[in-house]
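Peer 1: Compute the structure for the input listed below.
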Amino acid sequence: MEQNNFNMRRSRVLQKLRTGKIASCFKVNIADSRVVEIASMMGFDCIWTDMEHVPNDWGIIEKQILAAKAWDVDLMVRVSRGSYSDHVKPLEMDATGIMVPHIMSYEDAKKVVMMTRFHPIGRRPIDGGCSDGAYCNLDLVEYAKQANDQRFVMVQIEDPEPLDELDEIASLEGIDVLFFGPGDFSHGIGKLGQWDHPEIKRARKKIAETALAHGKFAGTVGGIGNLEELIDIGYTFINVGADVVGLSQYCRDIANAFARITSTSIITKKDNSIY
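Peer 2: Sure, this is the predicted structure:
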């Protein structure tokens, strides 16, 4: 019998970003692997699932990872800010990347790198008996090397506090993407939801410029309407949709159309009485 050579699945996002292309992402809040599978089938490069705000459990996350992998699509887990286990468990289930919310300083970012990257970059706890290590069928040294190269760490800059140390954060080896979160940033400066506020525009520009200056990639949320604007600023990883938004719009359109068509309809029985 021929011996299999096990290697980690290559990251579709990293492959695109490293070759100067734009990577698309779709956010999933509904705790179901079928939603991930549908979105993956449509051709996105990455599906973003969530442990920070969404009541997912690890069993759901694992099924979502498998659903994305079936279509050769990356799955990124936004982790909760807990212990190192909260950071590395998605990677051990073979999520392609993690997003770490609310990075507040250089020291904070440095700790994330230490927890999530193997030697010689960090001191991520190693097992090898998990999905990403091919259940001990991938040589341990090769496992560490491939994990450092093919799994991405994205840090969210979504508060005003880390802007003063942005250069130091972006210079850290082991961080691939600085991701600007305008929602929490607008909250942090007391301008909640004012997307065109000058401070938000300056932060958006500064984060992209700093990431590029240090050889890193810039990511953020957007939509088809401002996609070209974000790309012009320097963003190459862009989340452009969400399941809850799409499902809400679909239901609203149908409900409104149904109400409009049926608002003047009165069905009568054969005896001319009304139902």
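
Peer 1: which residues does residue 211 contact?
Peer 2: 170, 177, 178, 217, 218, 234 (CB atoms under 8 Å, 6 or more residues apart in numbering). Where you see a C-beta, it was placed from the backbone N, CA and C, and this is true even at glycine.

Peer 1: Name the residues of stretch 15-27 that come out as buried.
Peer 2: 16, 17, 23, 24, 25, 26, 27 (16 or more other CB atoms under 10 Å).

Peer 1: State the mean pLDDT of the helix or strand harbouring residue 261.
Peer 2: Assessed by DSSP states H and E, residue 261 sits inside helix 243-262. Mean pLDDT, computed over helix 243-262, is 97.

Peer 1: and it, how far from the chain's centre?
Peer 2: Relative to its chain's centre, helix 243-262 lies at 27 Å (CA atoms, centre = their mean, to the nearest Å).

Peer 1: what residues does that helix touch?
Peer 2: Contacts for helix 243-262 (CB under 8 Å, 6+ apart): 26, 27, 28, 29, 30, 35, 39.

Peer 1: Could you check how far the one residue sitting closest to the centre of the chain is from residue 68?
Peer 2: Residue closest to the average C-alpha location in the chain (CA atoms, centre = their mean): residue 48, at 3.6 Å. Per CB to CB, to the nearest Å, residue 48 is found 10 Å from residue 68.

Peer 1: do the same with residue 160
Peer 2: In terms of CB to CB, residue 160 sits 34 Å off from residue 68.

Peer 1: still on that earlier bit, taking the buried residues of stretch 15-27 one by one, which sit in helices?
Peer 2: Judged by DSSP state H, the buried residues of stretch 15-27 include 16, 17 as members of helices.

Peer 1: more crowded one of residue 160 and residue 68?
Peer 2: residue 68 (27 against 13; other CB atoms under 10 Å).

Peer 1: Leaving out chain neighbours, which residue sits closest to that one?
Peer 2: Of all residues not flanking residue 68 in the chain, residue 75 sits nearest, at 3.9 Å (CB to CB, 6 or more residues apart in numbering).

Peer 1: now residue 186
Peer 2: Closest to residue 186 by CB to CB, 6+ apart is residue 192, at 5.2 Å.

Peer 1: That neighbour against residue 185, yeah?
Peer 2: No. Judged on CB atoms under 8 Å, residue 192 makes no contact with residue 185 at a distance of 9.8 Å.

Peer 1: more crowded one of the two?
Peer 2: Using other CB under 10 Å as the criterion, residue 192 and residue 185 rank with residue 185 on top: 23 against 12.

Peer 1: Tell me the spacing between the more buried one and residue 200.
Peer 2: For residue 185 relative to residue 200 (CB to CB), the value is 6 Å.

Peer 1: hey, what's in contact with both of these two?
Peer 2: With CB under 8 Å, 6+ apart, residue 185 and residue 200 have no common neighbours.

Peer 1: can you pull the contacts of residue 52?
Peer 2: Contacts of residue 52 by CB under 8 Å, 6+ apart are 78, 79, 80, 81, 101.

Peer 1: repeat that for 6 Å
Peer 2: 78, 80, 101 (CB atoms under 6 Å, 6 or more residues apart in numbering).
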